[in-house]
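Participant: what follows is a predicted protein model with its sequence.
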Amino acid sequence: MTKSRIDDPVALEIIWERCISIVDEAADTLVRAAFSTIARESNDYGCVLCDADGLSICNTTKGTPPMAIIIPRTVRAMLERIPASELEPGDVLFTNDPYYGAGHLPDFCVAMPIFRDGALVAIAAACSHVADVGGTIAPDAREAYEEGICFPPVKLIRAGKPDQVIFSIIEKNVRVPEQVIGDLNALVASCNTSAVELQKLMDETGMDELRSLSATLNARTEMAFRAAVQEIPDGTYSSSIETDGYRAPVTLKCAITIRGSDIEVDCTGTSPQVSPGGVNVVYNFTYAFFSYTLKCMLDPHTPYNEGVTRPLNLFIPEGTVLNPRFPAPVFARNQTAHYLPALIMAALAEAIPGRVIAACGAPANRTVFTGPVGHDGRPFNFMMICSGGMGAGASQDGYSCTPFPSNSGSPPVEIVESVVPLMVRRKALRVDSGGDGQYRGGLGIEMVVENSSPNAVFVSTRMDRIDHPPEPLAGGKEGAPAGIWLDYTKPFPSKGRGELKPNEKLVIHSPGGGGYGPPELRDRLKIEEDLREGYVSAAASATNHGGQH
């Protein structure tokens, strides 16, 4: 890229937006080509364009933001194992190693080097949760070895020729090979879209390399983020939060120190890593959640790249649940990581009260249904995601059934029933589930899922916030806790496995978001609206608002 274009803010902005549109188009390719509902309907994916050194130029605006944040770190880890000198046109790299990648084995990451006139100029990368990786599908493993098949960084495709051994190993070790191989090919197609469109952009602009563009864009993002950090008063802000854990609660702690435009985060005091129980969170995933949450709070509008991370110094003691040592199990890392936004916002609530929200009904409930015979006569393995309500903020109610920070949603009922032999008998907002306050937390949902097949269906559950409901802020009230039952009354394992016999029903409650501010300060018109829309019962309203309705 010529220096004149870098110095011209209008031209730079146009090229920046064009790069973002490239990865957004790559995301569209991934969704349209995906075989499983996890990417196609639940948005559990990320796409990134990196320079030749693996530094991100831009992330897609779609999918799951923390996953996209991790991808450049995974790309650089791949380049350490397979250096650029060993790459050639037509190569595609692949890994699902959770300690290199996005934190657990079902997240497949591929990276495609892009060459121009024989020189490596960029790397297109994409990551998506796939339908199955073998191993246990319950969060009860003692070691990562039990959680499924694992590939270190390898060449999935060499000079345009797929490595059939790798594809054969995957096919033999997963429950739904057509879906998994289909999604893997969709990831490759996504990267190819980025490669084709980037070549067009370079032709049009006369660029022959991207390091200069990458450096400039990352510097711009860093400058904007540092300006936002400087608005926080210097000091150290701390918080602590407790999760349900696996067999015992887990404590998460952080101390956030602001010095000018620098942020230091120290998680000393966090619980040690857990075994059994895959609720440990690898460093990459913890890093992504801290940087993403801070970006949302402080500078939500500047496009994301790694410039955001330069002011951030994150210290997480090794051997803790937020930075475990291999081979700690990590399959259910969401059940811990999704508490981190609440941890961060609780710490900074006093310093910047207008930029935080109460705890969300996260982590989302992830329930996997596995059966011997689906609609097509073959075995099925299907993940259902049930999102809770968002926490309320200092100026508005939380959104109901809205996933944060993952952005992974539940497939529509029609999709569920068309792909697997399950009948969704009920999917409705949970009345009174949002934490009350001056601003009310978003509502969770109730789902009733019936086994409509003639065979028993095995169920693996990953659910949290049963014993630790979403926390409020500034005098609000907690959101309603999560819950899961068999046929309405029999408790079902919240992190484990069970069986759903023909015609039996699984009842799932996702938690509501925490409230913000004292309930007695809630506007009377909002109280009346809550009652009219059925978000709140008359009895709960009378209790919390003294009969104002």
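Facilitator: Perfect, I can see it now.

Participant: may I have the host helix or strand of L531 as PDB, with CA atoms only?
Facilitator: Under the criterion of DSSP states H and E, L531 resides in helix 524-533. Presented in PDB, the C-alpha positions along helix 524-533 are these (Å, rounded to 0.1, in the frame of the first residue of the first chain):
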ATOM      1  CA  ARG A 524     -45.000   4.000  36.800                       C
ATOM      2  CA  LEU A 525     -45.600   3.900  33.100                       C
ATOM      3  CA  LYS A 526     -43.000   1.200  32.800                       C
ATOM      4  CA  ILE A 527     -44.600  -0.800  35.600                       C
ATOM      5  CA  GLU A 528     -47.900  -0.600  33.800                       C
ATOM      6  CA  GLU A 529     -46.300  -1.700  30.500                       C
ATOM      7  CA  ASP A 530     -44.700  -4.700  32.300                       C
ATOM      8  CA  LEU A 531     -48.100  -5.800  33.500                       C
ATOM      9  CA  ARG A 532     -49.900  -5.200  30.200                       C
ATOM     10  CA  GLU A 533     -47.300  -7.100  28.300                       C
END
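
Participant: does C401 touch G388 like I think?
Facilitator: Yes: applying Cβ atoms under 8 Å as the test, C401 and G388 come out as touching, 7.3 Å apart. For every residue, glycine as well, the C-beta is placed using N, CA and C.

Participant: of these two, who's got more company?
Facilitator: The neighbour comparison of C401 against G388 (other Cβ atoms under 10 Å) goes to G388, with 40 against 25.

Participant: nearest spatial neighbour of the more buried one, skipping sequence neighbours?
Facilitator: Distances taken as Cβ to Cβ, 6 or more residues apart in numbering place G361 nearest to G388, at 1.8 Å, with adjacent residues excluded.

Participant: okay, the one you found and V165: tell me how far apart.
Facilitator: With distances taken as Cβ to Cβ, to the nearest Å, G361 is found 44 Å from V165.

Participant: more neighbours: the two, which one.
Facilitator: More neighbours surround G361 than the other of G361 and V165, with 42 against 9 (other Cβ under 10 Å).

Participant: my read: that one touches C386, true?
Facilitator: No: G361 is beyond contact range of C386, at 9.5 Å (criterion: Cβ under 8 Å).

Participant: tell me the mean pLDDT over the helix holding L531?
Facilitator: In this model, helix 524-533 carries a mean pLDDT of 96.

Participant: what is the burial count for R532?
Facilitator: Using other Cβ under 10 Å, R532 has 10 other residues around it.

Participant: could you check how far it is from A538?
Facilitator: Distance from R532 to A538, by Cβ to Cβ: 11 Å.

Participant: likewise L201?
Facilitator: For L201, the distance to A538 - Cβ to Cβ - is 59 Å.

Participant: look at those two and report which has more neighbours.
Facilitator: L201 (15 against 10).

Participant: how close does the closest residue to P233 other than its chain neighbours sit to E306?
Facilitator: Nearest non-adjacent residue to P233, counting by Cβ to Cβ, 6+ apart: A351, 5.8 Å away. Here A351 is placed at a distance of 25 Å from E306 (Cβ to Cβ).

Participant: quick one: which of those two has more around it?
Facilitator: Neighbour totals were compared for A351 and E306, and E306 leads with 22 against 16 (other Cβ under 10 Å).

Participant: fine by me, we can end here.
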